[in-house]
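*Asks:* Sequence plus the predicted model coming up.
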Amino acid sequence: MRVVQFILPLVLAAFLSSSVLAADKEVKVKGTLAEKAADAKAGVVAVLVERAPKAEPPQTKKYDLVATGDVATKLTTLATAKARVEVTGVETDNTIKVTDVNAEDSKKDPQLWDGKETVAKYAQRAGLKATETMELGDGVKLELALIPAGKFLMGSPANEEGRSGNEGPQHEVTISQPFYMGKYEVTTEQYVQIRSGNSNNSRNDTGPAARINWHECLDFCNKLSARAGKTVRLPTEAEWEYACRAGTQTRFYTGDRDEDLARAGWYGADKAIGNSGMGTHPVGEKLANAFGLYDMHGNAWEWCNDWYSGNYYAESPKVDPQGPALGAPDMRVLRGGSFYHPPVECRSALRFAGNPGEGRHFYGVVGFRVVVVLSSRTP
C-alpha cells in the first residue's frame with residue numbers, strides 16, 4: 001500500500017490516470033458528500049462508495065472509487081463545493097482511504113455550539129426546538145430547555161477560591177450530542193403527578209421535590225419515560241456541569257464573587273452568609289443561565305447518574321464521560337449545593353457524593369432535574 005496525503009483534486013488526477021478506471025463506470029457517494037454534490041449541482045450522482053462499516057468522523061473509512069463520463073470535471077466541481085474529504089491513503093486494490101470531516105447526519109451529530117450564538121440560533125441550525133414541554137396530566141407541565149452539543153473545561157483551575165482536590169485536573173470535555181434538560185428542579189407537584197413518594201413539601205408546592213433518594217429519582221424517570229415514549233433520565237455529571245456553566249468559566253454562572261451567587265440561587269441558612277432563610281424556595285425565582293436553566297446553584301442538591309470517584313478526572317474520557325464503573329464506597333454524585341450551604345459549596349465545579357438510598361445529605365435536601373435524550377443513546 002502506498003500511503004500518502006492529498007487534497008481531493010490531486011488524488012483524483014492520480015486515479016484518473018490509472019488503467020483500471022473506465023470512462024463508462026458509475027461514480028457514487030454516500031452521506032454528506034452526496035448532499036454537497038447535489039447542492040453544487042455538479043451533475044454527479046455520487047462519488048465514493050463506502051466499503052467499511054460506518055465510523056464517526058474523523059475516523060478513517062474505506063471506499064471504492066469508480067468513474068463515469070468527464071470524471072475530472074465533475075469531481076473537481078465537487079471538490080470546489082467544499083465536500084471536505086481528506087484522502088489519507090491509496091491502496092493497490094483500487095480503493096482509497098479517506099476521512100469524511102462532515103457530519104453524516106446534521107440532526108444526529110450537529111456542529112458543536114461555539115459558545116457565542118444563542119440557543120435559539122443553534123436550535124434553528126440543528127433543526128431542533130429551543131424548548132419542549134411534557135404534559136404530566138391534570139394541567140401539570142414539565143418545561144425543558146435545549147442544551148447544545150459542545151466543549152467545555154470541566155473542573156476548576158488550581159487557583160479557584162474554595163477549590164477541592166477532587167475538582168482536578170481541569171480537563172476539556174466534549175458533549176457530543178444535544179439534549180433537553182429540565183428548566184427547573186423537579187417540583188413536588190410534578191413529582192407526585194408521576195410518583196407518590198416521600199417529598200417533604202405539600203401537594204401544590206412549586207419548590208423542588210426534596211429528600212428524594214437516587215433510586216426514587218430513577219423510578220420517576222422510568223415512569224415518565226414509559227408515559228411519554230421518550231428516554232428520560234438523570235444527567236451525567238459532565239452534562240450537569242456543562243449545562244450549569246452554559247459557556248462560563250467562573251465560580252458561578254453569574255460571576256466569581258460570593259455576592260454574585262445571590263443573583264442565581266438560594267444559599268446559606270445563616271443570614272450573615274446567605275439568603276435562603278433556612279429553607280427551599282419556589283423554583284425559577286432567580287436568574288437563569290444562558291441555556292435557560294434555573295436554580296443550578298443552591299436551593300436543593302441535584303442527583304446525577306454517575307457513581308462518584310474522587311480521582312475520576314485523572315482518567316475520565318474526553319468525550320461523553322459516563323462516570324466510573326463503580327463508586328467507592330458506593331456513592332452517587334451530587335451537584336449544585338443547597339439552601340443550607342455557603343457559596344463555596346454551591347460552585348459550578350463543586351463535587352459532592354451521597355448514599356443513593358438516602359435523600360438528605362450535608363444538612364440540606366436533595367432533589368433532581370431530568371434529561372430527555374434525542375436518540376436511543378443512554379448512559
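*Replies:* Arrived safely.

*Asks:* tell me which residues in stretch 304-311 are buried?
*Replies:* 304-310 (16 or more other CB atoms under 10 Å). All C-beta spots, glycine's among them, are computed from the backbone N, C-alpha and C.

*Asks:* what's the span of it from first residue to last?
*Replies:* 17 Å (CA to CA, to the nearest Å).

*Asks:* now do stretch 226-241
*Replies:* Start-to-end, stretch 226-241 (CA to CA) is 27 Å.

*Asks:* Go through that stretch and flag the buried ones.
*Replies:* Those would be 231-241, for stretch 226-241 by 16+ other CB under 10 Å.

*Asks:* now stretch 158-173
*Replies:* Neighbour counts using 16+ other CB under 10 Å place 160, 162-164, 166-168, 170, 173 of stretch 158-173 among the buried residues.

*Asks:* Which of these sits closest to residue 333?
*Replies:* residue 166 (10.4 Å; CB to CB).

*Asks:* helices and strands around the longest helix along the chain, which ones?
*Replies:* In the chain, taking DSSP state H as the definition, the longest helix is helix 214-228. Other helices and strands packing on helix 214-228, by 3 or more CB pairs under 8 Å, 6 or more residues apart in numbering; DSSP states H and E, are strand 131-137, helix 188-194, strand 232-233.

*Asks:* okay, now residue 371: neighbour count?
*Replies:* For residue 371, the neighbour count with other CB atoms under 10 Å is 24.

*Asks:* Please name the residues that touch it.
*Replies:* Applying CB atoms under 8 Å, 6 or more residues apart in numbering to residue 371 gives the contacts 179-182, 232-235, 239.

*Asks:* let's go with 10 Å and repeat that
*Replies:* 144, 147, 179-182, 221, 231-236, 239-240, 243, 304-305, 378-379 (CB atoms under 10 Å, 6 or more residues apart in numbering).

*Asks:* quick one: which helix or strand includes residue 303?
*Replies:* strand 301-307 (DSSP states H and E).

*Asks:* Now do the helices in the protein.
*Replies:* 8-16, 32-40, 71-80, 119-126, 188-194, 214-228, 237-245.

*Asks:* returning to what we had before: what's the closest of the buried residues of stretch 226-241 to residue 353?
*Replies:* Nearest member of the buried residues of stretch 226-241 to residue 353, counting by CB to CB, is residue 237, at 10.1 Å.

*Asks:* where are the low-confidence patches of the stretch 251-379 of the chain?
*Replies:* Across the stretch 251-379 of the chain, the ranges flagged by pLDDT under 70 are 361-364, 375-379.

*Asks:* Which parts of it are strands?
*Replies:* When secondary structure is read from DSSP state E, counting those that start in this stretch, the stretch 251-379 of the chain shows strands at 301-307, 332-335, 352-354, 366-367, 371-373.

*Asks:* what comes into contact with the third one?
*Replies:* Strand 352-354 is touched from outside by 164, 166, 213-214, 301, 303-304, 306-310, 327-338, 341, 345, 360-362, 364, 366, with contacts defined as CB under 10 Å, 6+ apart.

*Asks:* quick one: low-confidence ranges for the stretch 101-250 of the chain?
*Replies:* Looking at the stretch 101-250 of the chain by pLDDT under 70, you get 101-110, 197-204.
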